[in-house]
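Engineer: 3D model of this:
(one chain, ligands or ions: 1)
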Amino acid sequence: MTGHAVGEVVASADPAVPVGVTVLHESGWREYALLDAREVRVIDVDEVPATAWLGVLGLTGFTAWTGLTRVAQCQPGETVFVSAAAGAVGSTVVQLAKAMGCSVIASAGSERKLAYVRDELGADAVFSHRSESIRNALSHALEDAGQDGIDVYFDNVGGEQLEAAIRRMRKHGRIALCGAVSTYGKRTPGPGNLLLAIWRELRLEGFLVSSHERARPQFEQELTQALRTGAVRPVETVRGGGIEVAFDAFLAMLGGADLGKTIVQTG
Ligand SMILES: NC(=O)c1ccc[n+]([C@@H]2O[C@H](COP(=O)([O-])OP(=O)(O)OC[C@H]3O[C@@H](n4cnc5c(N)ncnc54)[C@H](OP(=O)(O)O)[C@@H]3O)[C@@H](O)[C@H]2O)c1
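Structural biologist: Numbering: from 1, shown residues only. Here you go, the predicted structure:
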């Protein structure tokens, strides 16, 4: 399975990557990796925990930052709605938006996650995507937050929540289409209210974080600083049990079992 991994160098023929340093690589889930030195990156784990390089400082954090700041071009003080808000990407979006002084509406699937996102991450209002009516639940959450509309929707799930968000977008609102986890493996019709995107002059933009690689140094600089000041914290669920549990951990993550980034400890 492809994916990022962090590990300690146990043997090396290249002085640039000496034994004992911690490295990040993208060569898949495994216990040991025999790699060219060019395929690994030595990471600093003195200031930032190694697992953060897989989550908040890694691909999922970069996705959150890219979608919020570069794609949706979120501005301080705006109203932001984020779905799958207790997940790896979503939990970073909530924290970044709060750090920008935004009002944040967040959705997730369980009471435990909703409480975490509201009480620990600072979301202004939350609702469950398991509510009988998502559109009513979103409206109530907007009322709770004292807002009459959304400027930025960070969409991790697609489907019904996307349609509900379009209905409450303000004029010139922006929707960053990051993922569509509610529709994976299904044939689902698109949102039935796209006409509103014309009337309200909305921008809906899909993005792949891999196309924003040149912005990664800026992201790492900003996020390292945010971690240092405590404006953003890593949110992760670490699962022990070795490489054998990786596949089940992946399915459990998709099913909503974990808070934040799912990390599998192989050693
Ligand atoms: N565009 C890019 O470049 C890029 C890069 C990385 C990831 N992504 C996408 O970003 C999204 C978030 O990724 P992630 O790694 O941070 O995953 P995640 O949010 O940690 O995990 C997925 C979460 O989706 C929620 N979910 C599952 N089924 C759902 C449904 N039917 N309706 C609503 N929510 C549902 C579950 O949370 P609940 O318990 O709250 O239901 C689950 O925990 C995914 O869609 C992923 O594909 C995109």
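Engineer: The protein against the ligand: which residues are in contact?
Structural biologist: Residues of the chain lying close to the ligand (CB under 6 Å from any ligand atom) are 60, 63, 84, 86-90, 108-110, 113, 129, 156-157, 178-179, 181-182, 207-209, 253-254, 256. Placement of C-beta: from N, CA and C, glycine included.
Engineer: And these, which of them are buried?
Structural biologist: For the residues of the chain next to the ligand, a burial check counting by 16 or more other CB atoms under 10 Å picks out 60, 63, 84, 86-90, 108-109, 113, 129, 156-157, 178-179, 181-182, 207, 209, 253, 256.
Engineer: quick one: what helix or strand has residue 35 in it?
Structural biologist: Under the criterion of DSSP states H and E, residue 35 resides outside all helices and strands.
Engineer: the strands in the stretch 151-267 of the chain, which residues?
Structural biologist: 169-177, 203-206, 236-239, 261-264 (DSSP state E, counting those that start in this stretch).
Engineer: With mean neighbour count, distance to residue 137 and mean pLDDT added, can I get the ones you listed in TSV?
Structural biologist: Compiled in TSV, these are given as follows (neighbours: other CB atoms under 10 Å; distance: least, CB to CB, whole Å; pLDDT from 0 to 100):
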stretch	mean neighbour count	distance to residue 137	mean pLDDT
strand 169-177	20	16	98
strand 203-206	14	22	98
strand 236-239	17	25	94
strand 261-264	23	26	93
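Engineer: Those: which one's closest to residue 72?
Structural biologist: Nearest to residue 72 among the strands of the stretch 151-267 of the chain is strand 169-177 (4.3 Å), distances taken as CB to CB.
Engineer: For the residue of the stretch 151-267 of the chain at minimum distance from the ligand, give its distance to residue 144.
Structural biologist: Nearest to the ligand in the stretch 151-267 of the chain, going by CB to the nearest ligand atom, is residue 179, at a distance of 1.9 Å. Look at residue 179 and residue 144: by CB to CB, to the nearest Å, they are 25 Å apart.
Engineer: One more: residue 22?
Structural biologist: Separation of residue 22 from residue 144 (CB to CB): 43 Å.
Engineer: Give me the more crowded residue out of these two.
Structural biologist: Neighbour count, other CB atoms under 10 Å: between residue 22 and residue 144, residue 22 has more, with 17 against 14.
Engineer: Just give the nearest non-adjacent residue to that one, would you?
Structural biologist: Of all residues not flanking residue 22 in the chain, residue 45 sits nearest, at 4.8 Å (CB to CB, 6 or more residues apart in numbering).
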